[in-house]
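Trainee: Predicted model and sequence below, questions to follow.
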Amino acid sequence: MSLFIANIFLGFSGFLLSTYIAHKKRRKTEHFICPLRGSCSEVVHSNYSRFLGFPVELLGMAYYAVIAIGYGVRGMFPEFDGFLSVPLMFVSTFALLFSFYLTFIQVVTLRKLCTWCLISATLTLCIFLFSFVSSVGTLIPFLSYAAFPISLLHILGLAIGLGASTLADVFFFKFLRDSRISELESEMLHTFSQVIWLAIGIILMTGLGMYLPAFESWKQNPTFLLTCLVMGVVVINGAMLNLFVTPKFLQIQNRLPHEHQEGELVHIRKLVFLLGPISLVSWYTVFILHAFGGRVPASFELMLQIYLSTIFVVGLLGQIISARMGRTIVSS
């Protein structure tokens, strides 16, 4: 019961915090108090303050309200405890992943920290920990019971991520034909990026839900191990490509204020044409591995060699295209 009360308090506190951020964001003329010498105003009004068109602070308000009300119901009506424990656990897990995404943007993309946003991330982490402890007894049995719908949601996340990643690369190369990316085109790429991160969140959550009940058997499976490795590459590569390299590329190309370095555009373009192909190869590798149902008739070493060789070849082709594009821009 003490964990329920803690999450009710944290949910209510987070709701008030999100309401404060929404109020200050709406009233742009008011001073935004940001403790610890943060850059709250710059972060809250940045291009990343909305996710798929929804203001992040409103998503936070909805999440914290669900947590406060959900754990209030669990505490007042014990008969609903088993029914609500796992859904609240899933919600808190997804929120934790989303807070990691937002914190990474502050640290790497914007290079500005919002104190209130970091406090919200801390609240989300605490809610997740308390949710896990209060749900651990019912989590594994529920996951075993709901294996089929979880696997369907996993496939949906994989399809969304694969499609969005493919379209993002196709449109990116198409937009570069005139050596410029307009504001509208940049907004399209930003939307694709957010869809990809939504898909990654779904895949990670449902992947845990699928494999936790039978982890002892899966951890010896070479296909499962390679899938975990490649998904790690997808996350790290996607973070570098979508949240650091591509924003930097657009910043340089559009001549926005930044610390100029000699040959920076050429260097960033090479990274884009390296990380983009790695992203596609990794997404399609995960798709192919999943299509085999976790039973590829090959050793882990052989599958890893094929994966790395494909990355090398496709990455090399990307660098060739980047070099030719650079010569085309210079000659024109």
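Mentor: Nice, I can see it. Residues are numbered from 1 along each chain as shown.

Trainee: which stretch of helix or strand covers the residue most central in space within the chain?
Mentor: Relative to the mean C-alpha position of the chain, the nearest C-alpha, by C-alpha atoms, centre = their mean, is the one of Trp197, at 3.5 Å. With the criterion set as DSSP states H and E, the secondary-structure element containing Trp197 is helix 183-211.

Trainee: What mean pLDDT does the helix or strand that that helix is followed by get?
Mentor: Per DSSP H and E, helix 183-211 leads on to helix 215-218 as the next helix or strand towards the C-terminus. Across helix 215-218, pLDDT averages out at 72.

Trainee: ditto for stretch 304-316
Mentor: Rounded mean pLDDT across stretch 304-316 is 93.

Trainee: How about stretch 17-37?
Mentor: 79.

Trainee: which of the residues in it are buried?
Mentor: When burial is assessed from 16 or more other C-beta atoms under 10 Å, stretch 17-37 yields the following buried residues: Leu17, Ser18, Ile21, Ala22, Lys24, Lys25, Phe32, Cys34. C-beta: built from backbone N, CA, C; applies to glycine.

Trainee: now it, how far from the centre of its chain.
Mentor: Between the centre of stretch 17-37 and the centre of its chain there are 25 Å (C-alpha atoms, centre = their mean, to the nearest Å).

Trainee: coming back round to it: which ones among the buried residues of stretch 17-37 lie within helices?
Mentor: With helices defined by DSSP state H, the entries of those inside them are Leu17, Ser18, Ile21, Ala22, Lys24, Lys25.

Trainee: Leaving aside the residues adjacent along the chain, what's closest to Val296?
Mentor: In space, not counting the residues next to it along the chain, Val296 is nearest to Thr223; the distance is 4.7 Å by C-beta to C-beta, 6 or more residues apart in numbering.

Trainee: What of Leu274?
Mentor: Closest residue to Leu274 in three dimensions, ignoring its sequence neighbours and counting by C-beta to C-beta, 6+ apart: Gly315, at 5.2 Å.

Trainee: what's the answer for Phe100, then?
Mentor: Spatial nearest neighbour of Phe100, chain neighbours left out: Ala121 (7.9 Å); criterion: C-beta to C-beta, 6+ apart.

Trainee: which phi and psi does that neighbour have?
Mentor: Main-chain dihedrals, Ala121, degrees, to the nearest 10: phi -60, psi -40.

Trainee: Tell me the one of the buried residues of stretch 17-37 nearest Phe273?
Mentor: Top of the list for closeness to Phe273, among the buried residues of stretch 17-37 and by C-beta to C-beta, is Lys25 at 36.8 Å.

Trainee: Please tell me how far the closest one sits from Trp197.
Mentor: From Lys25 over to Trp197 the distance is 22 Å, taken as C-beta to C-beta, to the nearest Å.

Trainee: got it, and Leu304?
Mentor: Counting by C-beta to C-beta, the separation of Leu304 from Trp197 is 26 Å.

Trainee: Show the residue spans covered by the helices in the stretch 151-300 of the chain.
Mentor: Counting by DSSP state H, counting those that start in this stretch, residue ranges of the helices within the stretch 151-300 of the chain are 183-211, 215-218, 222-240, 246-253, 264-291, 300-331.

Trainee: Reformat those helices as JSON lines; add distance to Leu96.
Mentor: What follows is the helices of the stretch 151-300 of the chain, written out as JSON lines (distance: least, C-beta to C-beta, whole Å):
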{"stretch": "helix 183-211", "distance to Leu96": "10"}
{"stretch": "helix 215-218", "distance to Leu96": "20"}
{"stretch": "helix 222-240", "distance to Leu96": "14"}
{"stretch": "helix 246-253", "distance to Leu96": "24"}
{"stretch": "helix 264-291", "distance to Leu96": "22"}
{"stretch": "helix 300-331", "distance to Leu96": "29"}
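
Trainee: Sticking with the residue lying closest to Phe32 once chain neighbours are set aside, tell me its helix or strand.
Mentor: Of all residues beyond its chain neighbours, the one nearest Phe32 is Ser41 (4.3 Å), with distances taken as C-beta to C-beta, 6+ apart. Secondary-structure element containing Ser41, defined by DSSP H and E: helix 40-44.

Trainee: quick one: contacts of whichever helix or strand comes after that helix?
Mentor: Scanning forward in sequence from helix 40-44 by DSSP H and E, the next helix or strand is strand 50-51. Here strand 50-51 makes contact (C-beta atoms under 8 Å, 6 or more residues apart in numbering) with Val56, Leu59, Phe98, Gln194.

Trainee: just so I know, which of the helices of the stretch 151-300 of the chain lies nearest His154?
Mentor: For His154, the closest of the helices of the stretch 151-300 of the chain is helix 183-211, at 3.8 Å, according to C-beta to C-beta.
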